[in-house]
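A.B. asks: Any chance you can model this:
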Amino acid sequence: MAELERVYTIPLGKSYDYTRVRRARTAVKMIRSFLARHMKAGEDDVRVSMGINELVWARGIQKPPRKIKIRAVKDAGRVLAFLMDEKAGEVKEEKKGGKKAPEAGKKPEAAPKEGEEPAAKKEEPKKEAPAEQKKEPAVAPGKPEKKGEVKKG
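C.D. replies: Okay, here's the model as predicted:
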């Protein structure tokens, strides 16, 4: 069971004191430090949910929200932060420098129909240019090739 559960409205307006390309990153750091201070835990023990992160980054790096309302749960020394309507099981554990999860918006490849090979195995034959065919330099017609020389033809 949860040791401590609280609802906070965290002001993030001070993130606008930073340069535009650092604001969203700074806002996430401000959320972590706020929760560490108010829940009496170390900043390394604070976990922010994907929902909070997506809300902060929703309008891009330059325009994070001015304030955010969250629900913080402290259990066995760790603090988990969620949006008000978010469930507790949606916090992902990510290691720094790890691989990113695949994007949810991408469509999976369609299954091959009967008698067809899978898309990954299909290979089109490569068309090679004949060796005797010479490539001409790309010069627009009517334009001189060299200074002072006009192409006739």
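
A.B. asks: mind listing what residue 12 touches?
C.D. replies: Applying CB atoms under 8 Å, 6 or more residues apart in numbering to residue 12 gives the contacts 27, 30, 31, 56, 64, 65, 66, 67, 68. For glycine as for every other residue, the C-beta is placed from the backbone atoms N, C-alpha and C.

A.B. asks: Could you rerun that using 6 Å?
C.D. replies: Counting by CB atoms under 6 Å, 6 or more residues apart in numbering, residue 12 touches 27, 30, 64, 66, 67.

A.B. asks: can you give me the strands in this structure?
C.D. replies: 4-11, 46-48, 67-75, 78-83 (DSSP state E).

A.B. asks: As TSV, these with mean neighbour count, distance to residue 23 and mean pLDDT would be great.
C.D. replies: Converted to TSV, the strands of the chain look like this (neighbours: other CB atoms under 10 Å; distance: least, CB to CB, whole Å; pLDDT from 0 to 100):
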stretch	mean neighbour count	distance to residue 23	mean pLDDT
strand 4-11	13	14	94
strand 46-48	20	16	95
strand 67-75	17	13	95
strand 78-83	21	19	95
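
A.B. asks: To residue 60, which of the ones you listed lies closest?
C.D. replies: Closest to residue 60 of the strands of the chain is strand 67-75 (CB to CB; 15.8 Å).

A.B. asks: what's in contact with the closest one?
C.D. replies: 2-12, 35, 39, 79-82, 84.

A.B. asks: ok, it: who's next to it in the sheet?
C.D. replies: Strand pairing for strand 67-75, determined by DSSP bridges: strand 4-11 (antiparallel), strand 78-83 (antiparallel).

A.B. asks: Take the ones you listed and write them to JSON lines, including distance to residue 45.
C.D. replies: Output for these, formatted as JSON lines (distance: least, CB to CB, whole Å):
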{"stretch": "strand 4-11", "distance to residue 45": "13"}
{"stretch": "strand 78-83", "distance to residue 45": "5"}
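
A.B. asks: closest one to residue 43 among these?
C.D. replies: Proximity to residue 43 (CB to CB) singles out strand 78-83 among the strands paired with strand 67-75, at 9.5 Å.
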